[in-house]
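A.B. asks: Build the 3D model from these lines:
(3 chains)
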Amino acid sequence: MVDLLPHILNGLTLGLLFALIALGFTMIVGVMEIINLAHGSLFALGAYFALSMLGGSWFGDTAFGAWWLSLSVETRYVAALFVGPLLAAIAGMALELCLRPTYGKAPLYGLLLTFGAALVIEEIIRLGWGTGEQNLAIPSAINGPVLVAGFIYSKYKFFAAGFSLLAIVAVWLFLEKTPYGAIIKAGAHDSEMVRALGYDLSKLRLLVFGFGAALAGLAGIVMVPIWGLRPHVGVDVVIPAFLIIVMGGIGSFWGAVAAALMVGLAVGITGAYAGAWATMSMYILLIVVVGFRSRGLFGRKSVLEN
Amino acid sequence: MSQSRFTRRGLLGAAAAGGAVTFFAGPWKHNRVWAAASDKPIRIGLTSDASGQYANSGASDRRGMIMAIDEANERGGILGRKVEYVHIDTETIPATGSRVAERMITREECGFLIGAVHSGVANAISQVAQKYGVIYMNTNSSSPTEAGQNCHRTKFVWDGNGTNFAKATVKNAIDTYGKKWMLLTNDYVWGHDTAKATKALLDQYGGEVIEEILIPQGTRDFTSALLRVQQQKPAVVSAAIGGDDQKAFRQQVAQLGMDKNPAWINSQQDWPDIYGLPLDNLFGVFGTTWYYKLDLPGVAEFVKKYQERYPDTQMRVPGNVFYNGYMATRELLSAIERAGSTNNIAIIKALEGHKMSATDRMQHHDAWIDANTHQVQQTIYLATANSKWSEADKDDMFEIVASAAPEDVIDTDAAAACKLESYEETPTFDA
Amino acid sequence: MISLSDIPSRSTVRHWVPIAVLALALAFAPWWLPTVGLYQYLGIEITIWMIFALGFNLLFGYAGLHSFGHGAYLGIGAYAFGLFQQQVAVSLWGGLAAAIFAAGLAGAVVGAFISHRRGIYYALLTIAFGQVFWFTSMKLHGITGGEDGLLGIPRPPLTFFGLEFSLRDNLALFYLSAFCLLATVLILWRLVHSPFGRVLQALRQNETRARFAGYEVWRFKWAAFVISAMFAGLAGGLFSMAQQSAYPDVMSLHQSGLIVMMVLVGGGLVGFWGPVFGVILYFVTRDVLGGITETWLLWFGLMFMAMVILRPEGLAGMFHLAWNRLRGARAVSTPLTSEPDLAGRKT
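C.D. replies: Numbers count the residues shown, from 1 in each chain, chains lettered A, B, ... in the order given. Alright, predicted model coming up:
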């Protein structure tokens, strides 16, 4: 049993990271009733934007570029943490505008459009940043090994997990305690009524999509030093995110978090003892969970079931 | 006049058009005998990946091939004929490889195919090539099966495989570091074959495998495996992890500071996969077939030619992938000259058993093309990260610690498993 | 937007005309393929994918069940054919039968699991099962050869009433595959215009009402899944003959998504021939554009997105509308954007 402990710790860490990725996804699904298959691509875009920002490649040889590179890695990293998601949000909002003609139709069209968008964004990334694997420079304060109970762990992973936890709590507070959050939740529950009450539904949808995209981009920046960065990483990410949402129950915030932790634990533990099954374990987990609770752990009946 | 879709005029017109088409374009069977005319250029199909997991290596591979072709043309061509090439992206997908090979042979009329990194793609292409009798150079796929059960009369393999590298490293590592080993194996054929070779050698030299962890392809997070390594405390870890997974793996090991202990034995390290990585990611001992700073005649000039020809690429110096692409193409063209014709069987016979001197190859030992497996037996170098690395010369990342002669590291299992098709079974034509 | 049920089965165009046109085009393909810059092997691939797409559209367009993991059944058919040749006997009909059976069996198992779902849960479970099949084929590399592939699959000769034809040549295999395509078209045409097909369309429009009308919804959904898997298996068997090998890649999510794209762009949602147009467009684009630029998928993806936004009825829908416009407005009375209202009525 003691042997299992480091793997449990690893699994929980992994789970929190998955939860961060699933967060933006579940918001969009909850409010817009759209399965955004381009979520992974927005994740990747956020990371690539941060890469370009950190490395200063956008500023080229200008004076600004020189000044930018003279700043410490820490400053640039923090700046990228803010600006990267912002740029991803803009991309997300552009995508939302493309999605408008598909509202009111079967969810299939949204799904297909976002699938196409995912393909297109991956190609654009390939064109813009090349096909090779890249690295993000991270501040040394959060990089390197750390000893916990005699085992070496990655400091960065703990940072990332802690960051995810903060983000989850922050988003929850936003949704529960602020008036904007209330509007968003109302929009998820009954969008027509929200419109009848005088809120601009189009603007609401646009902002929520942007917010979800920003969360995706943020997750991207945080995950890159762990997972590496290549154009295909978007697809690698969207499937687990999708699984987690469905497992947790579409539209349920804490369902997504719980499911993410379960997936993290499954992958972490099988990775050590039944390595070959590690990646498959999340699919099997999904099939088992959905087999017993057809709406997922905490799911409620949603429009998506039609 | 009826409302029907077919009018009489329309039908007559269609019949006339159909007749005209049939007259001008009968069902061609691709007929190559008429290529005896010497004015026709030699067409080579470059089947390298431009997208997918091996896009980077594919691009480097292709640059090597193109440099060799351009050099041949500058010398006046081969047998007085210009050498042309066609490139189509094989996308690191085997089905695409089949289609690309078919297209190049039937539509683009290529007489030769060159290039591969992924063994599945190499297999797909070589099956099609063998069907038509087209010679195929597998430049960079290092799966042991390429020279073993998947060998073909028309296929020639230019890279060292996992068994060669294992033979070069294992005994040495047992003597230097210890007998308790752990294996980290990428869960696909290349990983398994390499692990199998390693286990056989461990058996032979008295090593012991305490645990093998299988790592699925596409794994991005290796923490579970690395925690197990910490729990088991082996003396040596032999890691057979390929492609993009390898980069994430290296990064994570370096981040955990595990690069010095335990000792790491990695298999072949492709240059495009580590170029530009921080040096601490390059831990352990790994293999390669060539390095740009080998202290041998001709190497410096070769590197300079690369830099002049490709000033805009991200890689400022060439590596083993470029080298294999170049060598394969160059030797193919010189085999055509030796054979004196473009008859495929004649060229195959000119290639089988062909010896290439060490100076010619810019390696430490002579090399030759094994007549039984069609794999090039060449020098295998062992390297570690350069302990004298400096920012001023940041590309000089390797430190060559040993070189193994090809005779000492021959893959005998492959030789046993390989059954080449006979000359009679292979379709013959003049390219 | 118009949908499948809007195109009446007794259309103004005699229904055998498109089938005849297809048959003629296939029969004369070796003549006109090279003149348009294509080649025989591509012709084989196109016919194979048409079989796959038409079978898939039974599920996707007619039954309205969106499967994003259908590549798995193509792959299973390919492996089954190959393994049959290598382990049992070198036989064409045996191999194809094995391919159809194996894919159908897999479809039956998965279908049993998912057929009581619909919508997004259905789609997601098809993805999950598709991925499981993909992983399994990579894992069981002792049997399937893993990512090296199952190699050396022979092309068995075609024996027909004592006559034997070799399939080694691409031309011969093309004719076999074209024959299978015509058979597929005829079978599926009969199927969708039969009561079974009408029930599938009823399911698509309103599953609850179909249940209330007394139909065993689960059974029809399951049957549609199995039949589409069987056609995928047939396509897979032919594909493994074309390549003379079988690889796990066709089972990946990317490839499964491509068939969805092809069928949608072609207009599978509104017309029987939609999948055919979609396959042609995709393969020709890939070959022609792919020879020019490496980013052809970008352009195809953008076109796909534009189609979904502007013309979800796809090519078949566009042709149908153009045809009716030529013939006068009286032929079609259904407006362009008609969606069933809340009570399920078409306005």
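
A.B. asks: Which residue does the stretch 101-250 of chain B have closest to chain C?
C.D. replies: residue B:102 (3.7 Å; Cβ to the nearest Cβ). (Glycine included, C-beta is placed from N, CA and C.)

A.B. asks: Which positions in the stretch 1-150 of chain C make contact with chain A?
C.D. replies: C:1, C:66, C:113, C:117-121, C:123-125, C:127-129, C:131-132, C:135, C:139 (Cβ under 8 Å from any Cβ of the partner chain).

A.B. asks: quick one: contacts for the residue of the stretch 101-250 of chain B closest to chain C?
C.D. replies: By Cβ atoms under 8 Å, 6 or more residues apart in numbering or on different chains, residue B:102 lies in contact with B:128, C:39, C:41-42, C:170.

A.B. asks: Mind picking the two most distant members of those?
C.D. replies: Spanning the widest gap among those are B:128 and C:42, at 13.2 Å by Cβ to Cβ.

A.B. asks: Could you list the low-confidence segments of the chain?
C.D. replies: As the question left the chain open, I've gone with chain A. Along chain A, segments meeting pLDDT under 70 span A:1, A:60-61, A:300-306.

A.B. asks: I was after chain C.
C.D. replies: Applying pLDDT under 70 to chain C flags the ranges C:1-14, C:329-347.

A.B. asks: Report the mean per-residue pLDDT for stretch B:331-350.
C.D. replies: Stretch B:331-350 shows an average pLDDT of 93 in the prediction.

A.B. asks: Helices along the stretch 1-150 of chain C, start to end?
C.D. replies: Taking DSSP state H, counting those that start in this stretch, the helices of the stretch 1-150 of chain C run over residues C:16-27, C:29-35, C:40-57, C:71-83, C:92-114, C:119-139, C:141-144.

A.B. asks: Can you list the helices and strands that the fifth one packs against?
C.D. replies: What that stands for is helix C:92-114. On a contact count with 3 or more Cβ pairs under 8 Å, 6 or more residues apart in numbering or on different chains; DSSP states H and E, helix C:92-114 meets helix C:71-83, helix C:119-139, strand C:158-160, helix C:217-243.

A.B. asks: now, of these, which is deepest in the fold?
C.D. replies: Highest mean neighbour count among the helices and strands packed on helix C:92-114 (mean count of other Cβ atoms under 10 Å in any protein chain shown): helix C:71-83, with a mean of 31.

A.B. asks: So it, near chain B or not?
C.D. replies: No - applying Cβ under 8 Å from any Cβ, one finds helix C:71-83 separated from chain B by no less than 9.7 Å.

A.B. asks: How about the residues of the stretch 1-150 of chain B by chain A?
C.D. replies: B:50-51, B:53, B:55-56.

A.B. asks: ok so, going back, mind putting the helices of the stretch 1-150 of chain C in a markdown table, distance to residue A:94 included?
C.D. replies: Formatted as a markdown table, the helices of the stretch 1-150 of chain C follow (distance: least, Cβ to Cβ, whole Å):
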| stretch | distance to residue A:94 |
| --- | --- |
| helix C:16-27 | 40 |
| helix C:29-35 | 41 |
| helix C:40-57 | 31 |
| helix C:71-83 | 30 |
| helix C:92-114 | 34 |
| helix C:119-139 | 24 |
| helix C:141-144 | 42 |
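
A.B. asks: how about those helices, which one is nearest residue B:316?
C.D. replies: Nearest to residue B:316 among these is helix C:119-139; the distance by Cβ to Cβ comes to 36.4 Å.
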